[in-house]
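Undergrad: A predicted structure for the sequence below; I have some questions about it.
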Amino acid sequence: MSLVRGAKRAVVALWIAMLGSASWAEPNTQPPMNPYLARTYNNQGHWNDACTDSTEIAVPRGFYEVTPGSWDLVPNETIGIPFYNDVVQGKEVYWFWAGLTMRKLHRVEGRFVEIDRVAVPMDLPGYRAVSPHERVQQAAAVRKFLDAGDEPGLLAYLRAQPNRLMQAVEDQVRHGFLYAMLTRDHAFIGSNARGLIRIDQADPADPYSRMLPPRQVTLPDALFDDERAKRHTIFPTDTVFGLSMSFNGHLVANTIGGRIITLDRNTLQVIDVYTAQDADEVFTNSFATSDEVAGGAIYVASNRRMYRLVVTSDGKIRSDAASGAWQAEYDRGNRLPVGKIADGTGATPTLMGFGPDEDKLVVITDGAKKMRLVAFWRDGVPRDWKPRQVGLDPRIVDQIEVDMGPGVDVVQSEQSVVVYGPYAFVINNIPVGPPKPYLGPGAYYRGLLIGATRPPSAGAAMYRWNAARRAWDAKWVRQDVGILATVPMISGGSRMVIVDGYLAGRLNEAFHLGMDLDTGETVMSIATGSDPTFNGTYTGLKIDRDGSLMYTMMFGLVRFDVSRMRHLPGPPVPKAASWRVP
């Protein structure tokens, strides 16, 4: 072990020791692991089957600034989201979707080294691949446009690039992967437009094994409803969206157009289909799954209902109460002109409570203009339970309005609720003030501008479940924090929630910010300046087993090493009280 790596681990160990002895440290029961997925903390998009986006792994507190050599990058082809890791025969192996190819990686002397790659065929007119060096140069060129505030120049540059950067996000929706998973045999399975793709290992027990050619299945056209998707979401056509694995071993996918589908995990063949009961119901998020109901419980929210459906041992979908299924309506609100895919929730359901004496909940945010954090009983409703409010579904235990402070009239999110023990963290995804029209279409273009030339969405808030009252307690709100469309994470070992964003009054100065779970105080920061290399828009923050931030972003897979960074004397200070526009 090098001195640098040794110092890094010493910092992490010190924080674990300090936090473990602190008076406010408390045990946390983690969700069970799915027996059909890799036995690792990071085997799917939201980390685990409960979709908590949290881990016990400690991330060092402190204040840092990136310096040359303090981060490692694997450039992507355009944009790629899925990234998972597991230990194979004592060797940490990483699977990274780079946009057009699946990369299998390991680390040698502090750097990523490729073991193998396989390409997934895509029909992308006019696409020409660029080299890793060219991809890095693209990030440098984008930075110059952002530093100059030159939105027209950036638009022209992106349109001229041979790797279709203007369509990069849309290409992933149509042809790439949004949700995926890593199975117990280290097969990568992802939902892909109107089908699924599975990439197996030649030898699952060999960390250096090559990957087999992808197997791709296209689902029948009869499973898709283009008109429903077009009428009730921002998408012009229907596609497969969410993907998960039931605890009894069946793949579960949903379509935007209102269908839930079970499939054989090996052959990818359809087993059964459930259709949402109302003609305007759509699914724009993925699933949480659990070991309840003999491993068949799946949790999914449409734009008007929270569902627990049950997958039987033979893959059939049950929606009746006798089978253990239930559904509950919530406030769907109205469609917003910007910031949301559809009306209703923007959150993949998150499960809370796994210990024998904990309330068993599933939580989402609703569709109200100022969204509420809503908790449902996810399993049996306690016999002594009396609904708190007339008119609410009896499954709703409590709901609390998310108030980001004066001047923030609309609070909505496309990110799932981040949960650790009794803590639940939410962010606002609606931009501050009236939106200025963009000069051109393209989510990649817009994602580069937010925070750099245009204010980000404003506000973050922490809540805590009060088991004695069976209700939410508001902990804190940060109006001065603007967050990119990146799923945050909680490091339970460090007692902080980590976000990718900006501080009020400091456009084009990006930070990764760690905020204390109980106080909201900034206890960790990594200043990344105006470099778009670290822009994690459309992905989610993750870490490795050493506690280093490691995640996919707009230019590739990045890993930080704070032991090589410049240490700062204190936290960054906002230059305004909030992002509110007068």
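TA: Nice, thanks for sending it over. Since this is a predicted model, take the numbers as computed values, not measurements.

Undergrad: from here on, contacts and neighbour counts on C-alpha atoms
TA: Fine.

Undergrad: Ile341 and Pro236 touch, don't they?
TA: No - in this structure Ile341 lies outside contact range of Pro236 using Cα atoms under 8 Å: 11.4 Å.

Undergrad: which one of those two has more residues nearby?
TA: Shown here are Ile341 and Pro236; by other Cα atoms under 10 Å, Ile341 has more neighbours (20 against 13).

Undergrad: secondary structure element for the more buried one?
TA: Using DSSP states H and E, Ile341 sits in no helix or strand.

Undergrad: Run through the residues that contact it.
TA: Listed by Cα atoms under 8 Å, 6 or more residues apart in numbering, the contact set of Ile341 reads 233-235, 284, 414.

Undergrad: go with 7 Å
TA: 233-234 (Cα atoms under 7 Å, 6 or more residues apart in numbering).

Undergrad: got it, and Arg335?
TA: Arg335 is in contact with 342-343, counting by Cα under 7 Å, 6+ apart.

Undergrad: and it, how far is that from Asp343?
TA: Arg335 is 4 Å from Asp343, where distance means Cα to Cα, to the nearest Å.

Undergrad: can you check Met166 too?
TA: Met166 sits 26 Å away from Asp343, taking Cα to Cα as the criterion.

Undergrad: Ala461 now?
TA: 21 Å.

Undergrad: Repeat that for Met515.
TA: Shown here: Met515 relative to Asp343, a distance of 30 Å by Cα to Cα.

Undergrad: tell me which residues form a beta bridge with Leu351?
TA: Leu351 forms beta bridges with Val362, as assigned by DSSP bridges.

Undergrad: what's the answer for Tyr94, then?
TA: Counting by DSSP bridges, Tyr94 forms beta bridges with Asn85, Leu105.

Undergrad: Could you check how far it is from Met102?
TA: Relative to Met102, and taking Cα to Cα, Tyr94 is found at 10 Å.

Undergrad: Check Gln277 too.
TA: From Gln277 to Met102 the distance is 37 Å (Cα to Cα).

Undergrad: Neighbour count for those two, which is higher?
TA: Higher neighbour count among Gln277 and Met102: Met102, with 22 against 9, using other Cα under 10 Å.

Undergrad: State the helix or strand in which the more buried one lies.
TA: Per DSSP H and E: Met102 is located in strand 101-108.

Undergrad: tell me the phi and psi of Asp49?
TA: Phi and psi for Asp49, reported as degrees, to the nearest 10, are phi -70, psi -30.

Undergrad: what's the burial count for it?
TA: 29.

Undergrad: correct me, but it touches Phe287?
TA: No - assessed by Cα atoms under 7 Å, Asp49 is found out of contact with Phe287, at 8.1 Å.

Undergrad: where's the closest residue to Phe425 other than its chain neighbours, which helix or strand?
TA: Counting by Cα to Cα, 6 or more residues apart in numbering, Phe425 lies nearest to Met462, which is 4.6 Å off, once chain neighbours are set aside. Assigned by DSSP H and E, Met462 belongs to strand 457-466.

Undergrad: So which other helices or strands are in contact with that strand?
TA: Counting contacts by 3 or more Cα pairs under 7 Å, 6 or more residues apart in numbering; DSSP states H and E, strand 457-466 packs against strand 423-427, strand 471-483.

Undergrad: winner for burial among those?
TA: Per-stretch averages of neighbours, counted by mean count of other Cα atoms under 10 Å, single out strand 423-427 among the helices and strands packed on strand 457-466, with a mean of 26.

Undergrad: For Asp320, grab the count of nearby residues.
TA: Neighbour tally, Asp320, other Cα under 10 Å: 13.

Undergrad: Quickly list what the residue lying closest to it once chain neighbours are set aside is bridged to.
TA: Computed as Cα to Cα, 6+ apart, the closest residue to Asp320 that is not its neighbour in sequence is Trp326, at 6.8 Å. Beta bridges link Trp326 to Arg308 when assigned by DSSP bridges.

Undergrad: Counting neighbours, show which residues of stretch 137-144 come out buried.
TA: Neighbour-count burial for stretch 137-144 flags 138-139, 142-144 (criterion: 16 or more other Cα atoms under 10 Å).

Undergrad: Same check on stretch 377-392?
TA: Under 16+ other Cα under 10 Å, the buried positions of stretch 377-392 are 377-379, 381, 392.

Undergrad: What mean pLDDT does that stretch get?
TA: Averaging pLDDT along stretch 377-392 yields 90.

Undergrad: Quick one: distance of it to the chain centre.
TA: Stretch 377-392 has its C-alpha centroid displaced from the chain centroid by 29 Å (Cα atoms, centre = their mean, to the nearest Å).

Undergrad: With stretch 509-520 instead?
TA: Worked out by Cα atoms, centre = their mean, stretch 509-520 lies 18 Å from the chain centre.

Undergrad: start to end distance for it?
TA: Criterion Cα to Cα; first-to-last residue distance in stretch 509-520 is 20 Å.

Undergrad: same thing with stretch 548-559?
TA: End-to-end distance for stretch 548-559: 7 Å, by Cα to Cα.

Undergrad: buried residues in that stretch?
TA: Across stretch 548-559, burial judged by 16+ other Cα under 10 Å covers 548-559.

Undergrad: mind listing what the closest residue to Phe287 other than its chain neighbours touches?
TA: Distance criterion Cα to Cα, 6+ apart; nearest residue to Phe287, sequence neighbours excluded, is Val300 at 5.0 Å. By Cα under 7 Å, 6+ apart, the residues touching Val300 are 286-288, 306-308, 349.

Undergrad: go with 10 Å
TA: 242, 254, 260, 283-289, 306-309, 327, 347-350, 362, 364 (Cα atoms under 10 Å, 6 or more residues apart in numbering).

Undergrad: next one: His186
TA: His186 sits next to 37-39, 43, 84-86, 88, 93, 95, 199-201, 203-205, 207, 211 when contact means Cα under 10 Å, 6+ apart.

Undergrad: so which helix or strand takes in it?
TA: Following DSSP H and E, one finds His186 outside all helices and strands.

Undergrad: Per-residue pLDDT of it, please?
TA: As predicted, His186 sits at a pLDDT of 98.

Undergrad: Would you report the backbone torsion angles of it?
TA: According to degrees, to the nearest 10, His186 has phi 60, psi 30.

Undergrad: Ok, Asp379 next?
TA: Torsion angles, degrees, to the nearest 10, at Asp379: phi -120, psi -130.

Undergrad: Ile298 is in contact with that one, correct?
TA: No - Asp379 lies out of contact with Ile298 (Cα atoms under 10 Å); the separation is 11.3 Å.

Undergrad: Now do the helices in the stretch 401-550 of the chain.
TA: 443-449 (DSSP state H, counting those that start in this stretch).

Undergrad: picking up where we left off before, from the buried residues of stretch 548-559, which land in strands?
TA: Counting by DSSP state E, the part of the buried residues of stretch 548-559 found in strands is 550-553, 556-559.

Undergrad: If we only consider these, which is nearest to Gln161?
TA: Gly556 (16.6 Å; Cα to Cα).

Undergrad: Give me the below-cutoff pLDDT ranges for the chain.
TA: For the chain, the stretches flagged by pLDDT under 70 are 1-28, 580-582.

Undergrad: Mind listing residues that contact the helix or strand that contains Ile115?
TA: Ile115 is part of strand 111-119 when elements are defined by DSSP H and E. Applying Cα under 10 Å, 6+ apart, the external contacts of strand 111-119 come out as 71-74, 93-108, 199, 207-214, 557-559.
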